[in-house]
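Enquirer: The following block contains a protein sequence and its predicted model.
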Amino acid sequence: MEIQQMVKLMHGIALATLLGGCGTRDGPAEPSNGQGQPLSGTSTDANKDPGVMVDNNTPADPETRYGIVKTQLGGRAFNVKDFGSSPEGSATYVIRRLEPRARAGDGKASYEIYLKISQCMPLMGPSGGARSSLDEKSEEECRDIPLEYLAARSDWLRLGAEQGHLGAQLVFVADPEQALGGIQEIFKNPDVVVEYKRQTMEYLGSAAGRGSIDALMGLGNAYQVGVMTEQDHTTSYAYYLAAERAAPGIVSRNRLQWLRDGLNIAQIRESIVKAQEFYDECCATR
């Protein structure tokens, strides 16, 4: 699956559950390690957003340096417009070049390895027609990639997220099957699922603190549904109110009204206070 297709999950803010959809249960629908040899290659940033460039043509915003292109909203709030592109060049060469940097703590390098392996993932499909699903460029670049590299894709995604890369964290949150290395791993290892839930909430909190509206919406959804964390509609409503303040219209009126109708006056007041705190942490200009 192309990275841009995966990222469309974030715009619906439908956090997948581990055993079904986590979308809006109990609420209205929202409209809408690798052990392989290190590789080297041309690691290119995604298209730079002119709005975050400084005079020396160096991106002023760290996420842009990491290949992430953002759409600025009110204050420090933003939506992710582009989650980055797979580095150009032979997959084996690219990974071997980036791996030493990734293992030394470079989250961008880890994420770019993940993107490059994702480009080549059709090779892991059923033997009939798997390679034919690659475009001509990917066919050429992925031709000699060892299978152990393909099998390590989720390892690099997890590493990039642990290293603080925003794109890796949001993709990790959006797709648990991919983050955990496949549906079989989810069922085989309950401890992995528990850790995934903990990391999901940690990464959403981290991304929200950096201004991510996607993360604010994800936190609202998580507390509304009660799968990734304990269900708490007061806190859910607060996160949605904070997101709505930063990006008016991003939360459906149906959802806001449904949550509000389930709260008493004291809970609504608590939500309003929390929403101000969440907005200040996420989005207020400092």
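Expert: On my side now, so go ahead. Residues are numbered from 1 along each chain as shown.
Enquirer: Going by C-alpha atoms from here, please, whenever you check contacts or count neighbours.
Expert: Noted.
Enquirer: mind saving the C-alpha coords of stretch 227-243 as PDB?
Expert: In PDB, the C-alpha atoms belonging to stretch 227-243 read as follows (Å, rounded to 0.1, in the frame of the first residue of the first chain):
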ATOM      1  CA  VAL A 227     -10.400   0.800  23.300                       C
ATOM      2  CA  MET A 228      -6.900   2.300  23.400                       C
ATOM      3  CA  THR A 229      -7.600   3.800  26.800                       C
ATOM      4  CA  GLU A 230     -10.300   4.000  29.400                       C
ATOM      5  CA  GLN A 231     -13.500   5.500  28.000                       C
ATOM      6  CA  ASP A 232     -14.000   9.000  29.300                       C
ATOM      7  CA  HIS A 233     -16.600  11.200  27.400                       C
ATOM      8  CA  THR A 234     -15.800  14.300  29.400                       C
ATOM      9  CA  THR A 235     -12.100  14.100  28.200                       C
ATOM     10  CA  SER A 236     -13.200  13.100  24.700                       C
ATOM     11  CA  TYR A 237     -15.500  16.100  24.400                       C
ATOM     12  CA  ALA A 238     -12.700  18.400  25.700                       C
ATOM     13  CA  TYR A 239     -10.200  17.200  23.100                       C
ATOM     14  CA  TYR A 240     -12.800  17.700  20.300                       C
ATOM     15  CA  LEU A 241     -13.600  21.200  21.600                       C
ATOM     16  CA  ALA A 242      -9.800  22.000  21.500                       C
ATOM     17  CA  ALA A 243      -9.600  20.700  18.000                       C
END
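Enquirer: list the buried ones in it?
Expert: Of the residues in stretch 227-243, 227-228, 233-243 count as buried by neighbour count, 16 or more other CA atoms under 10 Å.
Enquirer: Closest one of those to Pro122?
Expert: Met228 (29.9 Å; CA to CA).
Enquirer: Now do the same contact list for that closest one.
Expert: Counting by CA atoms under 8 Å, 6 or more residues apart in numbering, Met228 makes contact with Thr17, Lys197, Arg198, Thr200, Met201, Ala222.
Enquirer: Quick one, which of those are buried?
Expert: Members of the contacts of Met228 classed as buried by 16+ other CA under 10 Å are Thr17, Lys197, Thr200, Met201, Ala222.
Enquirer: Farthest pair within these?
Expert: It's Thr17 and Met201 that sit farthest apart of the buried ones among the contacts of Met228, by CA to CA, at 13.1 Å.
Enquirer: Name the SS class of Gly164, please.
Expert: Three-state call for Gly164 (DSSP: H, G, I helix; E, B strand; the rest coil): coil.
Enquirer: whoops, Lys81 was the one
Expert: Of the three states, Lys81 takes strand according to three-state DSSP.
Enquirer: before we move on, the earlier item: nearest to Pro122, of the contacts of Met228?
Expert: Checking the contacts of Met228 against Pro122 with CA to CA, the nearest one is Thr17 at 24.4 Å.
Enquirer: How confident was the prediction at that closest one?
Expert: On pLDDT, Thr17 comes in at 38.
Enquirer: Equivalent analysis for the one 5 residues further on, please.
Expert: According to the predicted model, the pLDDT of Cys22 comes to 41.
Enquirer: switch to numbering from 8
Expert: That works, and once the first residue is 8, the last one we named lands at Cys29.
Enquirer: What helices and strands are in contact with the helix or strand hosting Gln191?
Expert: Per DSSP states H and E, Gln191 falls inside helix 190-195. Judged by 3 or more CA pairs under 8 Å, 6 or more residues apart in numbering; DSSP states H and E, the packing partners of helix 190-195 are helix 183-187, helix 197-216.
Enquirer: Deepest in the core, which of the ones you listed is it.
Expert: Stretch with highest mean neighbour count among the helices and strands packed on helix 190-195: helix 183-187 (a mean of 20; mean count of other CA atoms under 10 Å).
Enquirer: circling back: identify the residue with the minimum pLDDT among the buried ones among the contacts of Met235.
Expert: Lowest pLDDT within these is found at Thr24 (38).
Enquirer: Distance to Gln264 for the contacts of Met235 - can I get that in a markdown table?
Expert: As requested, the contacts of Met235 are exported to a markdown table (distance: CA to CA, whole Å):
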| residue | distance to Gln264 |
| --- | --- |
| Thr24 | 24 |
| Lys204 | 28 |
| Arg205 | 29 |
| Thr207 | 26 |
| Met208 | 25 |
| Ala229 | 17 |
